[in-house]
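**Q** Provide a 3D model corresponding to the input given below.
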Amino acid sequence: MVDAISPYVLEDIDNLIGKGELREMKEGGMEYREGQTLLLGAEIETHEEKGCSAHSLCFFPTLKAIKDFSRDMCKHIKNIHLCSSMSRLTGQELFDIVEDHGGTFIPAHAFTPHKGFYGNCCDSLLEIFKPDCFEKIPSIELGLSADSMMASQLSELDGKSFISNSDAHSLIKMGREYNIFSMEAPNFSEVLKALKGIDGRGVKANYGLDPKLGKYHRTYCLVCDRVIGGEPPVLKCPVSERHSVVVGVKDRLDIIRDRSEPEMGLRAPYNYQIPLDFLPGVGPKTIDKLIKHFGSEMKIIHEATFEELAHVVKEEVATNIIRSREGKLNIEVGGGGVYGKIEK
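**A** Below you'll find the predicted structure:
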């Protein structure tokens, strides 16, 4: 839950506790209806002196901690009832407040050109955070347009886990990206150990889009209204240097990386998955039909055989699902806020 400092959301949480549908867990986090664990958090925008801004994820173990954090943030957010994400703080100042309240701080979609630290504010997180604070950051959120292999070209991220998270603004995108953790129980304490990779816990796997499908993978010219091809880094439009461009994640990483090859080491594998609604000819009715038969989109994308799929949908659709699983579909690369597309 990344809107949990909103007074309205906190009121909803209290109401659910009163109804017995939500309860605090001893090890941190909240259990919803005896089966689902919720971590209370917030996504906060900060601003640096040179005029750039970035988003960060802040998670807290207890309801008291996030309520105290919410009250504190009222001093730094113009109207927390209207918008709970926009602060007047710097990244370092937000980190300090989160730490004071016993929370965990994670840079969000760190490589995207809009609101990402690497994409928008700095070549190194050490330009934003004090060295001892940087060491306490357990993890980096990749965002749609980057994967673990790309991020592993930055040596300063060695020892930090990578997470790939869904955008929860619409139901169709839930589960589009997710992580598998190795831990003993679903609670805040165990998740934090997994992020830090301690006591045998860890991030076992990341699942997400092929970065080529992400909205900011390559540089995009806003005047020509198209992705600019060519070997990275592409930083300007070949038609005119005066054209405004949105620099792509791949192009930006080519500038700031200090390795030509990723250093994966013991890092968790990043598994590509193409959501059904990205596939040509697959609309809401087809998706509903498949999910009704197989139970979940993940079962369809990763497990169902061609024969099983073809029993439910047209062979062409079944073939594309299998080809997407095998990485054999051609992708028209995304950029400038426009998703990539599967070529027909």
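**Q** for the stretch 151-300 of the chain, which spans come out with low pLDDT?
**A** 168-169 (pLDDT under 70).
**Q** strands of that one, start to end?
**A** 161-163, 178-182, 202-208, 220-221, 226-227, 245-246, 270-272 (DSSP state E, counting those that start in this stretch).
**Q** with distance to Thr90 and mean neighbour count added, can I get those strands in JSON lines?
**A** Where you see a C-beta, it was placed from the backbone N, CA and C, and this is true even at glycine. Output for the strands of the stretch 151-300 of the chain, formatted as JSON lines (distance: least, C-beta to C-beta, whole Å; neighbours: other C-beta atoms under 10 Å):
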{"stretch": "strand 161-163", "distance to Thr90": "23", "mean neighbour count": "23"}
{"stretch": "strand 178-182", "distance to Thr90": "28", "mean neighbour count": "17"}
{"stretch": "strand 202-208", "distance to Thr90": "28", "mean neighbour count": "20"}
{"stretch": "strand 220-221", "distance to Thr90": "28", "mean neighbour count": "24"}
{"stretch": "strand 226-227", "distance to Thr90": "33", "mean neighbour count": "17"}
{"stretch": "strand 245-246", "distance to Thr90": "24", "mean neighbour count": "22"}
{"stretch": "strand 270-272", "distance to Thr90": "31", "mean neighbour count": "17"}
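**Q** quick one: Asp3 and Cys83 touch, right?
**A** No. In this structure, Asp3 is not within contact of Cys83 by C-beta atoms under 8 Å, at 10.1 Å.
**Q** ok, the two, which is more surrounded?
**A** Asp3 (15 against 12; other C-beta atoms under 10 Å).
**Q** now do the SS call for the residue lying closest to the more buried one once chain neighbours are set aside.
**A** Leaving aside its chain neighbours, Asp3 sits nearest to Val9 (5.2 Å; criterion: C-beta to C-beta, 6 or more residues apart in numbering). With DSSP: H, G, I helix; E, B strand; the rest coil as the basis, Val9 sits in helix.
**Q** so for stretch 38-50, what gets flagged as buried?
**A** Of the residues in stretch 38-50, Leu38, Leu39, Leu40, Gly41, Ala42, Glu43, Ile44, Glu45, Thr46, His47, Glu48 count as buried by neighbour count, 16 or more other C-beta atoms under 10 Å.
**Q** and the fifth one, that's in a strand?
**A** Yes. Counting by three-state DSSP, one finds Ala42 located in a strand.
**Q** is it in a bridge, and if so with what?
**A** Asp3, Cys58 (DSSP bridges).
**Q** pretty sure it contacts Ile66?
**A** Yes. Assessed by C-beta under 8 Å, Ala42 is found in contact with Ile66 at 7.5 Å.
**Q** find residues that contact each of those two.
**A** Here Ala42 and Ile66 share the contacting residues Ala4, Ile5, scored by C-beta atoms under 8 Å, 6 or more residues apart in numbering.
**Q** just to revisit the earlier point, can you tell me which residues contact the residue nearest to Asp3?
**A** Going by C-beta under 8 Å, 6+ apart, Val9 touches Met1, Asp3, Ser84.
**Q** reformat the strands of the stretch 151-300 of the chain as CSV; add distance to Cys133.
**A** As requested, these are exported to CSV (distance: least, C-beta to C-beta, whole Å):
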stretch, distance to Cys133
strand 161-163, 17
strand 178-182, 24
strand 202-208, 22
strand 220-221, 33
strand 226-227, 36
strand 245-246, 30
strand 270-272, 27
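**Q** residues near Pro262, how many?
**A** Quick note: Pro262 (other C-beta under 10 Å) scores 16 neighbours.
**Q** double-check that Ser70 belongs to a helix.
**A** Yes. With three-state DSSP as the criterion, Ser70 is part of a helix.
**Q** excluding chain neighbours, what is closest to it?
**A** Ile5 (4.0 Å).
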